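> predicted model and sequence follow; I will ask about them next.
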Amino acid sequence: MAANNSFISTVATGLLLSFLIADVESIGVCYGRVGNNLPPPNEVIDLYKSNNIGGIRLYDYNPDVFQALRGTNIVVTVDIPNPSAFSSDPSVAYSWVQNYIQAFPDVNFRYIAVGNELIPGPLAQTILPAMQNLHNALQSAGLHDRIKVSTSISTDVFGNSYPPSAGVFSSDALATLQPIISFLAANGAPLLVNVYPYFSHIGDPNHVSLDYALFNSPNTVVYDGQLQYWNLFDAIIDALYSALEKVGGGGVTIVVSESGWPSEGGHSATQQNAQTYISKLIQHVGQGTPKRPGNYIETYLFAMFDEDLKQPQGTENHYGLFNPGKEPKYSLSF
């Protein structure tokens, strides 16, 4: 098991991880809880604090986690997993804001993500009405300037992504995304996107090299007019910006709501590859992309722990930065 490997001592690893994450503005880590061996929320949030992790993404709204976050100033993204009730009844959104946001005034909420990777799909049409109702509820509470409502999408929304300047949304996705993008632009909210070069590599290893996916390519891989790409992460982000520009969303910022690499369970899923990707991603996000150089990319790493109950079993169970026993899995240094 990769969880038992040790590159350096646990203490030294924790210190290196702390320094690495602290050096980058607002780097976050997703806190998935699909496991039966994970520490209680108060210990998890203590782990965030001791490692100077500045942001957290939550996939549900759990009062025990919110309680542990009180007074920490950790930036919080909280998901609405199923937007159906929020879309059909505005009072649900008002009650939710009152019970889960206003009830915790000393928690630093930044984003509410209405749905995770629901576009395209059967719940896609419920997303925008839910977003509007939640925004109105936040506005009524005087919180709409501080807390932004968005949705988290996957790169399945692409109709084309190569080269990055030719990035467009698929017609199926755009039917839902177009009004959502208009909403985001009107309210100064970002689009949340889950970005995984790992999946692009294993899906087409003959054309998407491991080095290109891992930030290891020594030379330019993709020439796109005047822009040059040596890593796939930048190419994906810039393809998304190109797609946004084509539909009037050029002013909408992208927040990477998930990105990571599994340490075992499948092709190219090794602890060394995961360490390489995560450490280089953390170092890279402050540089921006070829299309938008120097613009910090707010990024949330996936995930805090290996989650033993995630399905299907395999790589999905091995994305954690920490083992369930809270030991770091990687030696991350500059």
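Nice, I can see it.
> residue contacts, Ile27?
The contact partners of Ile27, taken as C-beta atoms under 8 Å, 6 or more residues apart in numbering, are 21, 53-55, 282, 285, 299-301. Using the backbone N, CA and C atoms, a C-beta is placed for each residue, glycine as well.
> one more pass at 10 Å, please.
Counting by C-beta atoms under 10 Å, 6 or more residues apart in numbering, Ile27 makes contact with 20-21, 52-55, 75, 281-282, 285-286, 296-301.
> what does Asn206 give?
Contacts of Asn206 by C-beta under 10 Å, 6+ apart: none found.
> before we move on, which element is it in?
Assigned by DSSP states H and E, Asn206 belongs to neither a helix nor a strand.
> circling back to that earlier point, mind checking which of the contacts of Ile27 are in strands?
If you go by DSSP state E, these have 55, 75, 299-301 in strands.
> quick check, nearest of the residues you listed to Cys30?
Tyr300 (5.3 Å; C-beta to C-beta).
> quick check: the closest one vs Asp89, distance?
As for Tyr300, its distance to Asp89 is 30 Å (criterion: C-beta to C-beta, to the nearest Å).
> swap in Ala186?
Applying C-beta to C-beta to Ala186 and Asp89 gives a distance of 23 Å.
> which one's more surrounded, the two?
Asp89 (14 against 9; other C-beta atoms under 10 Å).
> output stretch 269-280 as PDB, nothing but the C-alphas.
C-alpha atoms of stretch 269-280 as PDB (Å, rounded to 0.1, in the frame of the first residue of the first chain):
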ATOM      1  CA  ALA A 269      -1.200   6.200 -10.500                       C
ATOM      2  CA  THR A 270       2.000   6.000  -8.400                       C
ATOM      3  CA  GLN A 271       3.000   7.800  -5.300                       C
ATOM      4  CA  GLN A 272       6.000   9.400  -7.100                       C
ATOM      5  CA  ASN A 273       3.800  10.700  -9.900                       C
ATOM      6  CA  ALA A 274       1.300  12.100  -7.400                       C
ATOM      7  CA  GLN A 275       4.000  13.800  -5.500                       C
ATOM      8  CA  THR A 276       5.400  15.300  -8.700                       C
ATOM      9  CA  TYR A 277       2.000  16.600  -9.900                       C
ATOM     10  CA  ILE A 278       0.900  18.000  -6.500                       C
ATOM     11  CA  SER A 279       4.200  19.800  -5.700                       C
ATOM     12  CA  LYS A 280       4.600  21.300  -9.100                       C
END
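> most neighbours out of the ones in strands among the contacts of Ile27, which is it?
Tyr300 (27 neighbours).
> and for the closest residue to that residue other than its chain neighbours, the neighbour number?
Setting aside the residues directly before and after it, Tyr300 is nearest to Gly28 in space (C-beta to C-beta, 6 or more residues apart in numbering), at 3.9 Å. The number of residues packed near Gly28 is 27, by other C-beta under 10 Å.
> let's have the chain start at 467 instead
In the new count, where the first residue is 467, that last one comes out as Gly494.
> hey, where'd the strands end up in the stretch 567-716 of the chain?
574-582, 614-619, 624-626, 634-635, 657-660, 688-690, 693-695 (DSSP state E, counting those that start in this stretch).
> now those in JSON lines, with mean pLDDT?
Output for those, formatted as JSON lines (pLDDT from 0 to 100):
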{"stretch": "strand 574-582", "mean pLDDT": "98"}
{"stretch": "strand 614-619", "mean pLDDT": "98"}
{"stretch": "strand 624-626", "mean pLDDT": "98"}
{"stretch": "strand 634-635", "mean pLDDT": "98"}
{"stretch": "strand 657-660", "mean pLDDT": "98"}
{"stretch": "strand 688-690", "mean pLDDT": "98"}
{"stretch": "strand 693-695", "mean pLDDT": "98"}
